[in-house]
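S.K.: The following block contains a protein sequence and its predicted model.
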Amino acid sequence: MRKIIALMHLSLDGFAADANGGMNWIAYNYEVADDIHQLINQVDTAIYGRTTYQMMAGYWPTVLTKDNPEPGELHHAQWVDAAYKLVFSTTLDKVEWNNAHLVRGDVAGEIARLRQQPGKDMMIFGSPIISHEFMRLGLIDEYRLTISPVILGQGVPYFQKVQTTVPLKLTLSKTYANGLMMVHYVRA
């Protein structure tokens, strides 16, 4: 059965964005990008909430038309353009990005249907609000988190709507030269 993997960049104090929605505090670099690209090779479906979808749809298609895009960006742009994209939103009327499909209602039902279909794993990219719903419904099988060496104090919390204890098992922990840490947890 296909897994749901949540990929999120977090501050040390668990925020996915600062108080203004900004993410320029993320300690992202080429080394981290290379590891994330390897992870994405096991995924064929991207899951977004409305806000992240609009950010991604506004950016990644433009990389494909640049004269000299950075190779890592081009690789991701090509992957995400070809990927099946699920966009969970109650406010959007349509989605127009290549291979994007709007889901307005039954989150658990749609995921149950897709889990049974052939394919690679599915990944939630960012999207803290839809991640909250997936957490509430117990749909996330793995957490792939990058933790930047910064304390924000306030912002968009990632683990806001967890209502029950979720036992996890650490399968990977890696620290990068820039102080960022990547951790992979699976449900225990």
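M.R.: All right, it came through fine. Residues are numbered from 1 along each chain as shown.

S.K.: which residues are contacting stretch 146-157?
M.R.: Identification of contacts with stretch 146-157 by CB atoms under 8 Å, 6 or more residues apart in numbering yields 8-19, 21, 25-28, 32, 128, 178-183. Glycine gets a C-beta too; all of them are placed from N, C-alpha and C.

S.K.: can you tell me which of these are in helices?
M.R.: Among the contacts of stretch 146-157, the members found in helices (DSSP state H) are 32, 128.

S.K.: Could I have the ChimeraX command that selects the buried members from the contacts of stretch 146-157?
M.R.: Here is the ChimeraX command that selects the buried residues among the contacts of stretch 146-157 (16 or more other CB atoms under 10 Å):
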select :8,9,10,11,14,15,16,17,18,25,26,27,28,32,128,180,181,182,183
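
S.K.: and the residue of the chain most remote from its centre, helix, strand or coil?
M.R.: Residue farthest from the centre of the chain, counting by CA atoms, centre = their mean, is Asp67 at 27.4 Å. At Asp67, secondary structure determined by DSSP: H, G, I helix; E, B strand; the rest coil is coil.

S.K.: Tell me the pLDDT of it.
M.R.: For Asp67, the pLDDT comes out at 92.

S.K.: measure it to Met56 for me?
M.R.: 21 Å (CB to CB, to the nearest Å).

S.K.: Please apply the same query to Leu170.
M.R.: Distance, Leu170 to Met56, by CB to CB: 29 Å.

S.K.: Which one of these two is surrounded by more residues?
M.R.: When neighbours are counted by other CB atoms under 10 Å, Met56 comes out ahead of the other of Leu170 and Met56, with 20 against 10.

S.K.: Which helix or strand contains the more buried one?
M.R.: Secondary structure from DSSP states H and E places Met56 in helix 50-63.

S.K.: which other helices and strands contact that helix?
M.R.: Helices and strands touching helix 50-63, by 3 or more CB pairs under 8 Å, 6 or more residues apart in numbering; DSSP states H and E, are helix 71-82, strand 84-88, helix 128-136.

S.K.: could you redo the last one with a cut-off of 10 Å?
M.R.: strand 43-49, helix 71-82, strand 84-88, strand 100-103, strand 121-125, helix 128-136 (3 or more CB pairs under 10 Å, 6 or more residues apart in numbering; DSSP states H and E).

S.K.: Quick check: next helix or strand after the last one?
M.R.: On the C-terminal side of helix 128-136, the nearest following helix or strand under DSSP H and E is strand 142-148.

S.K.: for the fourth one, same thing?
M.R.: Downstream of strand 100-103, the first helix or strand assigned by DSSP H and E is helix 107-116.

S.K.: Let's check: the centremost residue of this protein is which one?
M.R.: Closest-to-mean residue, the chain, CA atoms, centre = their mean: Phe125 / 1.5 Å.

S.K.: Could you give the bridge partners of it?
M.R.: Using DSSP bridges, the beta-bridge partners of Phe125 come out as Leu7.

S.K.: Quick check, it in contact with Ile40.
M.R.: Yes. Phe125 lies in contact with Ile40 (CB atoms under 10 Å); the separation is 9.3 Å.
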